[in-house]
Structures are given as C-alpha cells and as structure tokens.
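# 3D model of this:
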Amino acid sequence: MDRHIRQPPHSAGQPFKGLRSRIDPSQIPSPITVADDDQSLWATQSYMTCAAQLPVPLSSSEFHAIDQGNSTPRFVRLTTYTVPDSANLASACEIPLGAFIRPFAEEEEGEELVPLVDFGDVGPPRCSQPWCRAYINPWCIFTHNGFKWQCNICESETEVSSHYYSVLDSDLRRIDHLQRPELTRGTVDFAVSEEYWAPPARPRIIPSYYSATPPSTTKRVPQPMRYLFVIDVSQEAITSGFVQSVCEGLINVFYGTQSPNEIINTSIEPPLCFPPENEISIMTYDHTLHFYNLSSNREQATMHVVSDIDEVFLPLYEEMFVLPSHARHIIEPLLKSIPRRFTDTTVRGGCLGSAVCASLASLAGRGGQVTMFISSLPTLGGGFLAPREQEESALYGTDKEKELFMPRGDFWRDMAEECADEGVGVNYFLAPMQPIDIGMIGIVPSVTGGEMFFYPRYTCSLDEDAMLSQLRRVVFRQTAYNCSMRVRCSQGLRVSRYSGNLQQRSSTDVDLATCDADKTICATLEHTGIPMDERRNAYLQSAMLYTTSSGERRVRTCNIALPVSSLAGNIFRRADQESVVVYWSKLSVAAMTSKSLRNIRDDLTRKCTALLLAYRRNCAASSAPSQLILPEQFKLLPLYTLSILKTRRNVVSDVRNYHAHKMTSYSVVAMMRYLYPKLLALHDLTDDICSPDPTTGRIQLPSLMRSSYVWMESNGLYLIDNGEQMILWIGASISPQLLKDLYAVETIQGLDIRNTRIPPGSSTLISEQVRQILAHREMQRRRRTKLVFARQDLDAAEIDFSDMLVEDQNNDGMSYVDYLCFIHKQINTAVSVISCNVCCFFA
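Got it, this is the predicted structure:
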C-alpha cells in the first residue's frame with residue numbers, strides 16, 4: 001500500500017501557467033544535500049579566517065573558527081568575499097554588496113573569547129586623520145622603524161606614541177606582534193576613557209513627561225545597567241494567566257527558583273544568577289500607572305498610583321530601583337501578590353503609551369532596558385489607538401495596504417526616538433486576546449534595539465515554557481546599552497545605508513539604545529567611483545561604542561580584509577548565497593511601508609532572474625539557450641527566493657508586522673532557519689541516534705529531510721522547526737506503539753493538544769531520543785520555542801505546518817519545481833531577446 005500522502009486541500013497555491021517539462025523532484029538541487037556536504041567538511045577541520053581557498057561555512061553548519069586577523073563569520077558575514085573593482089562590474093554581476101555585523105555574537109565551545117585590550121587613559125591607537133579615525137587592527141602596517149603606522153582604511157600615516165612603540169623585526173613586524181591581540185585578532189574589545197562616554201540626549205522643546213529636575217547636559221557616566229519590568233494588569237492579562245506566568249518567571253530570573261515543570265525536565269540547565277551589580281524595578285499599569293517603593297529598609301513594597309496618564313510624572317525615583325539580592329524580602333512577596341491583587345479587576349484596555357513614557361522618565365539621563373508584558377490594546381492615555389475606519393481585509397491588494405505596516409500619527413515614533421536618545425531599550429512580550437496593532441506600537445522596540453515576542457491567545461500549558469525561556473534569554477544574554485556604531489571602508493567603497501532595529505541619524509553612524517547577542521546590523525556598500533587596485537585588498541572595520549551591563553565603556557572592532565577582482569567569475573566563486581538571500585529579505589521588509597506586497601514579490605523574482613542571467617552572460621555564455629545554468633554558489637537561489645515570497649502571506653497584519661520586526665534584526669543563521677524550516681522524521685530513528693559519534697565525540701543527530709509532503713508518509717511522525725515555532729505532525733496511520741512509547745496514549749484522538757510535553761515518567765528509547773533532539777535545538781537557539789501538535793486532518797495547526805513546507809504549492813505561491821521552471825522561462829526569454837538584438841545589430 002502506498003503510504004505517501006497528498007498535500008492537504010486547504011494549502012492553496014499558484015500552479016505554473018503554461019506547458020513545462022516533467023521534472024523529477026529528486027533531481028533538482030537539494031538544500032539538505034548541500035547542508036550535509038558542508039557539515040561533513042567542517043566536522044574534521046577548523047575554519048581559518050584568512051584561508052582564501054576555503055568556502056565560508058553555511059549558517060546551518062557547526063564549525064570551529066580560528067580568528068587569524070579577519071573576524072569570524074559569527075561576527076561578520078558578507079554577500080561576496082571578493083570585491084568587484086568597479087561599480088560597473090558590481091552592476092553586471094547583480095550581486096549586492098552587503099555586510100552583516102553581529103557585534104556581540106557568542107563563541108562556540110572551544111573558541112577563544114574576544115580579547116579586552118586596555119591602553120589606560122590614552123585610549124586605543126587611532127588614525128590621526130579627522131575624516132577617518134579608524135582603530136589599530138591587524139591590517140595596519142608599521143613604518144619608519146616602528147615610529148609610525150599606516151592606516152589600512154585611508155592609507156595615511158600616524159605617529160606611534162612612546163608608550164606603544166616597539167622596534168620591528170626583519171619582516172617589518174613589531175617584535176611584540178604575537179603578544180598584541182589588536183594586531184593578531186579580527187575582533188577585539190578596547191577599554192576607553194571619559195572621552196568616549198555617551199553624550200547627553202538632545203533637548204526637546206516639549207518633553208513627554210514632567211520632571212522635577214532639569215535634563216542632564218553632561219556626558220553619561222558609565223554605570224551598571226538598570227532593568228525595569230512593566231506588567232499589564234488589565235482584565236485580559238489576568239484572566240489568560242499571563243500575569244501569573246510573568247510574576248513566577250521574574251522570581252525565577254531573580255532568584256533561580258525553579259518551577260515544577262523545569263524540575264521535571266532534565267534538559268534545563270541550572271538557573272543562572274541575576275547579575276549582582278544590576279538594579280531592577282517593577283511597575284504595573286491598567287487605566288492608571290502603579291509604581292512600587294522597593295527600598296530594602298521597608299518591610300513590604302508600597303504602591304504609588306498615578307492617575308494622570310496624560311501628564312506623566314514619577315512619584316518616587318531612587319526607591320524604585322534596588323539590587324534584587326538586597327531586597328528579596330520585598331520583591332518576592334510583591335510578585336506573588338500582584339496576580340491576587342488584580343484578580344477581580346474589570347478594567348479592559350490599558351495606558352500602554354503612558355507606561356512607556358513613565359519607563360523613559362525613570363531611566364532618563366542614564367539609560368537601561370525596559371521589558372514590557374502586554375495583553376491589552378492601548379485605549380487610554382498617550383498614543384491611545386482607535387479602531388481602523390476600514391476593515392483590514394478591505395485594504396489587502398490595494399495601494400493602502402502599506403498603511404497596515406506603518407504608524408498612524410507621531411506619538412509612537414516620537415516616543416521611540418526619545419527612548420533611543422536616552423539609551424533606553426524596550427522589549428515587548430505580547431500576549432493579546434485581540435488585534436493590538438503591532439504596526440503602531442512595535443516601532444518602539446524596532447528603533448531602540450529591542451525585541452518582540454508574540455503569544456496570541458496566550459495559553460499557559462502551551463506558551464508558558466517558551467515565554468519563560470525567552471525571558472531568561474533576554475535577561476542573561478550579553479546586552480550593551482548606550483551604543484553607537486560606524487562601519488569604515490577603505491578607498492573605493494562606502495556605506496550607503498544601514499538596516500536593523502536601530503536609529504540612523506546620519507549617513508555614517510547608527511545609534512542603538514541597547515544591542516544584544518541576537519542582534520545583527522546590515523550595512524549596504526557601494527563604490528565611490530575611485531578606482532580599486534586588484535593587487536591590493538579592500539578593508540572593512542566596524543566599531544561599536546557601548547557600555548557593558550556591568551558599567552564599563554568599551555569599543556568592539558570587527559575587521560576583515562577582502563581581495564579585489566576585475567573578473568566576474570571570481571566574484572561569483574566567492575559569493576555567499578545565504579547572505580544574498582538574507583540581504584534581499586531585509587530589503588523587502590524595509591520596502592513594506594513604501595511598496596505594495598505584489599510589487600515587492602515581483603522585484604524578488606526579477607532579482608533572482610537577473611542574478612542567474614548575469615552568471616550565464618558573464619561566466620557561461622557558450623551554454624545552450626535552452627539549458628538552465630545554476631552556478632555552484634547559487635544553485636539554491638530559486639528555492640530560497642521562493643521561500644521569501646511565501647513568508648507569512650495569508651495572515652493578519654499583527655502577525656505580519658511581528659515577523660517583519662524579527663526579520664529586520666535576524667542574523668543570517670536565524671533568517672535561513674526561518675526561511676527554510678528544518679523537517680525531521682522521528683518515527684524511524686535508529687538506535688544509535690543521539691549517542692556520541694565514536695570518531696568525533698559529537699552527538700549523532702538524524703538527517704533532515706526536504707520540506708515537502710512528497711517525502712512524507714501517513715504513518716509518520718515529523719518535527720518541523722523555523723526558529724519561532726515547532727510543530728509535531730502526527731500521521732493518521734501512526735503506529736499505536738510509537739504513540740504509547742512517546743506520549744502514553746494509543747490513538748491520536750487521545751492526545752491532549754494543550755500539553756505537548758513528553759510525560760516525565762516515560763523512559764523509552766524514542767522518548768529519550770526526542771528529548772535529546774529538542775534539547776539540542778534549544779541549545780542551538782539558546783532558548784526554547786513553542787511546540788504544538790498537528791494531527792493529520794484534525795488540528796488547525798496543520799495549516800501552519802503545511803505553510804512551512806516551502807517546496808510545495810502553498811501560501812499563494814508555486815511549488816519549488818514550478819518556480820524553477822518559471823525562472824528558467826524568464827531567463828530563456830531574456831536570452832532570446834539579447835540574441836535577437838545582437839543579430840539585428842550585425843544585420
């Protein structure tokens with residue numbers, strides 16, 4: 001009997017229009033084969049950052065990197081690792097020039113940590129030219145017997161200070177070269193002095209809050225970062241159980257008290273300790289603002305209510321922030337009492353805008369991080385939202401559709417910019433029971449370097465584990481504040497724009513109120529018109545000036561040297577397909593406020609066709625016109641372009657805006673995981689899966705499979721994961737024994753879809769293997785994601801599962817095979833037009 005299943009009828013897509021040849025899906029380029037081959041390469045060797053002959057590891061590969069003077073791909077990834085020597089060549093290749101910089105990326109086990117170099121009050125050596133001011137790095141050259149050094153960015157020479165002088169050896173290198181991390185490592189931290197302290201915020205004609213003290217006009221003294229937690233206690237938040245989960249989670253974060261679920265789950269690591277030098281504060285709101293005096297000198301916290309939500313002021317200041325370790329007897333009882341205190345509330349809606357304003361007031365002049373837990377639509381106070389005049393569905397496909405992705409009015413944009421000026425980063429944990437207009441309120445975390453997490457129709461049994469894990473990640477990951485960044489390029493290149501969750505005030509610098517280990521900044525590069533010499537390298541240096549969460553002011557530099565070429569073949573050979581795809585994704589998200597979604601999708605297909613046509617024209621001109629030519633470095637480009645086209649198409653604007661926010665700051669690793677979700681068969685695991693490999697010592701994980709129903713069976717058990725959500729698909733013909741071994745039930749109808757945890761008492765082989773696989777995924781992301789069931793033909797989650805299978809015909813898009821044929825047809829048409837024009841010219 002044929003066990004293979006057909007695609008569900010609810011997965012609507014677009015068929016290929018016209019005739020096409022019959023293609024075997026197994027014969028087209030497979031991302032799984034490419035990923036497996038790349039992982040095999042890096043399983044036995046390290047990636048040396050200055051070895052030009054080696055390809056850059058794929059984002060999905062686990063590898064060990066050695067910094068030889070170029071920053072590792074964890075910190076910097078480029079769309080191509082060979083720079084075209086002119087704008088004409090860059091245009092002919094159709095490969096965008098972009099750099100993805102993740103300043104606070106986390107090293108893998110066994111890799112060296114980023115070194116910290118302290119030059120005292122003098123500060124790190126920098127280029128003397130005022131238009132350059134690049135930092136010393138491994139690609140600078142020492143001249144005049146060590147008394148000067150030549151900047152690799154602007155090529156000017158700078159005097160070496162007496163305390164930094166060293167004689168040169170016979171190779172014209174300093175004799176202390178190997179003892180100087182700044183001369184041997186691509187990524188380095190420099191401790192800096194008062195000269196580099198964050199400037200005061202720009203004065204405002206009309207302040208957003210009332211303050212009894214005038215705003216500071218002096219530089220901000222680096223201090224340990226303060227954390228403010230703001231909790232929505234409206235009726236929606238209380239009845240859903242969200243407030244209860246949040247309060248228990250905060251106790252866990254501050255004091256490491258494990259919940260019963262985490263005690264059972266053996267994959268959870270021991271609780272991290274909240275940083276002892278960082279102060280915290282707690283605030284709640286509904287139709288009024290509630291501040292709490294947490295002074296350790298008191299027996300219990302006292303609540304101060306501010307009912308004037310249009311002219312916000314602070315009823316107290318110093319008593320708001322305390323060290324958790326000094327005030328446990330105050331904080332823990334307060335958090336336990338908040339859900340009980342508001343149990344009988346009848347207040348619907350809330351004054352979110354006023355709460356953001358109050359948060360800004362409490363951290364103004366210093367900076368810090370605000371984490372807000374939101375359930376209700378802001379219907380009161382500053383920035384209150386009224387329902388849209390038109391139904392959202394009436395705007396789809398029209399010129400007004402882009403209005404769904406931009407703020408209405410100035411309040412939220414002004415608030416976001418003011419928070420960014422003051423160094424206040426804002427994170428949202430959203431658990432709405434109804435639309436909350438993320439397009440409006442979401443600009444605050446987008447501009448301040450914050451992050452959003454989304455749990456629509458919050459359910460404790462399904463969402464609590466993921467929410468608590470993500471909360472711990474937000475608090476304990478490396479986070480800097482009062483950040484400013486600039487990317488410098490050598491002659492012939494410049495940065496034309498930046499994108500990410502940031503504020504760009506000038507063409508050269510960007511500001512981030514906070515920046516953490518999960519944030520990536522994209523810099524678009526362009527040629528300046530100055531000729532570039534193939535015999536010399538091009539250089540990039542990013543410099544992030546920031547204050548650590550412990551209160552130290554530093555600069556982190558990432559450096560990379562790139563060869564220059566006049567040959568298109570070299571540009572394509574050293575291109576990074578994944579970075580190009582991610583670059584296009586981010587540009588598409590940025591265009592949502594100015595272009596219709598239809599035009600954006602058409603532009604993506606045009607870019608894919610143009611790039612493949614450029615390769616054919618410049619590197620494979622002798623090929624037969626009817627032959628589809630896919631370069632080795634871009635053989636999966638049509639598939640990944642199709643994946644972008646299918647991203648969250650048939651969803652409401654809140655969901656689309658949320659994912660647009662996430663995509664803006666995604667790293668290349670996270671974006672590729674999101675665009676092409678990992679699909680894994682769990683029903684046929686062999687006994688050696690999840691056991692150590694005898695040769696490498698690594699845990700043996702099962703092979704992934706292509707994201708399509710073509711490869712699935714009705715008796716199967718499949719796990720799909722896009723980094724935001726995991727779905728466990730259970731076939732209607734699954735073995736009862738398999739279900740019994742895993743979930744202690746014998747039929748899919750017996751599964752409790754509100755509880756996807758593996759029963760704690762289950763110790764069968766399959767249950768242990770699945771636990772290990774889930775733990776491995778959690779370790780890779782460094783946080784847990786929501787897991788839901790999708791029983792075949794029973795659960796609504798099967799629609800989401802089907803939409804993640806990007807190779808199928810779904811999401812109003814073509815299948816992978818059809819789209820590949822469509823791209824081929826486009827290229828054939830372009831080649832025919834070019835051939836006709838050539839014939840007419842010679843005729």
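
# got the residue ranges for the strands in the stretch 701-843 of the chain?
For the stretch 701-843 of the chain, applying DSSP state E, counting those that start in this stretch gives strands covering 717-721, 725-730, 786-791.

# what would the ones you listed look like in a markdown table with mean pLDDT and distance to Gly368?
Heads up, the C-betas are built off the backbone N, CA and C, glycines and all. What follows is these, written out as a markdown table (pLDDT from 0 to 100; distance: least, Cβ to Cβ, whole Å):
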| stretch | mean pLDDT | distance to Gly368 |
| --- | --- | --- |
| strand 717-721 | 96 | 33 |
| strand 725-730 | 95 | 31 |
| strand 786-791 | 94 | 29 |
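
# Which one, of these, ends up nearest to Leu430?
When the strands of the stretch 701-843 of the chain are compared for distance to Leu430 using Cβ to Cβ, the nearest one is strand 786-791, at 13.5 Å.

# Okay, now the unreliable bits of the stretch 201-350 of the chain?
The stretch 201-350 of the chain contains residues with pLDDT under 70 at 212, 257-272.

# just for the stretch 651-800 of the chain, where's the confidence low?
695-697.

# ok so, going back, just so I know, which of the strands of the stretch 701-843 of the chain lies nearest Ala568?
Closest among the strands of the stretch 701-843 of the chain, using Cβ to Cβ: strand 717-721, at 37.4 Å.

# What pairs with the closest one, parallel or antiparallel?
Partners of strand 717-721 in the sheet, by DSSP bridges, are strand 678-681 (antiparallel), strand 725-730 (antiparallel).

# if you compare the ones you listed, which one is most tucked away?
Comparing the strands paired with strand 717-721 by mean neighbour count (mean count of other Cβ atoms under 10 Å), strand 725-730 ranks first with a mean of 23.

# got the CA coordinates for that one in CSV?
Output of strand 725-730 as CSV, limited to C-alpha atoms (Å, rounded to 0.1, in the frame of the first residue of the first chain):
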residue,chain,number,x,y,z
GLN,A,725,7.7,27.6,16.4
MET,A,726,8.0,23.8,16.4
ILE,A,727,5.1,21.7,15.1
LEU,A,728,4.9,17.9,15.6
TRP,A,729,2.9,16.4,12.7
ILE,A,730,1.3,13.1,13.5
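
# Contacts for it next, please.
Applying Cβ atoms under 8 Å, 6 or more residues apart in numbering, the external contacts of strand 725-730 come out as 682, 712, 716-720, 739, 748, 751, 756, 774, 777, 785-792, 797-798, 800-801, 804.

# Distance from it to the middle of the chain?
22 Å (Cα atoms, centre = their mean, to the nearest Å).

# and if you look at stretch 147-166?
37 Å.

# Which strands and helices lie in contact with the helix or strand where Arg488 lies?
Using DSSP states H and E, Arg488 sits within strand 479-489. For strand 479-489, the elements it packs on are strand 98-101, strand 368-374, strand 493-499, strand 509-516, strand 521-527, strand 538-548, judged by 3 or more Cβ pairs under 8 Å, 6 or more residues apart in numbering; DSSP states H and E.

# Return the alpha-carbon coordinates of that strand using PDB.
Below are the C-alpha coordinates for strand 479-489, written out as PDB (Å, rounded to 0.1, in the frame of the first residue of the first chain):
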ATOM      1  CA  THR A 479      23.400  43.100  26.400                       C
ATOM      2  CA  ALA A 480      25.100  46.500  25.900                       C
ATOM      3  CA  TYR A 481      23.400  49.900  26.100                       C
ATOM      4  CA  ASN A 482      24.100  53.500  25.000                       C
ATOM      5  CA  CYS A 483      25.600  52.100  21.800                       C
ATOM      6  CA  SER A 484      26.800  53.900  18.700                       C
ATOM      7  CA  MET A 485      28.300  52.200  15.600                       C
ATOM      8  CA  ARG A 486      30.100  53.100  12.400                       C
ATOM      9  CA  VAL A 487      31.400  51.000   9.600                       C
ATOM     10  CA  ARG A 488      34.500  52.300   7.800                       C
ATOM     11  CA  CYS A 489      35.600  51.200   4.400                       C
END
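
# Run me through the strand neighbours of that strand, direction for each.
Strand 479-489 sits in its sheet next to strand 509-516 (antiparallel), strand 538-548 (antiparallel), going by DSSP bridges.

# of all these, which lies closest to Leu567?
Smallest distance to Leu567 across the strands paired with strand 479-489 (Cβ to Cβ): 15.2 Å, for strand 538-548.

# and the closest one, what's its mean pLDDT?
For strand 538-548, the mean pLDDT works out to 98.

# what's the next secondary structure element after that strand?
Strand 538-548 is succeeded, C-terminally, by strand 553-562 (DSSP H and E).

# Give me the packing partners of that following strand, helices and strands only.
Helices and strands touching strand 553-562, by 3+ Cβ pairs under 8 Å, 6+ apart, are strand 76-78, strand 187-191, strand 538-548.

# Can you say which of the ones you listed is nearest to His824?
Across the helices and strands packed on strand 553-562, His824 has its closest neighbour in strand 76-78 (28.5 Å, Cβ to Cβ).

# For the closest one, name the packing helices and strands.
Short answer (3+ Cβ pairs under 8 Å, 6+ apart): strand 76-78 packs on strand 98-101, strand 553-562, helix 577-590.
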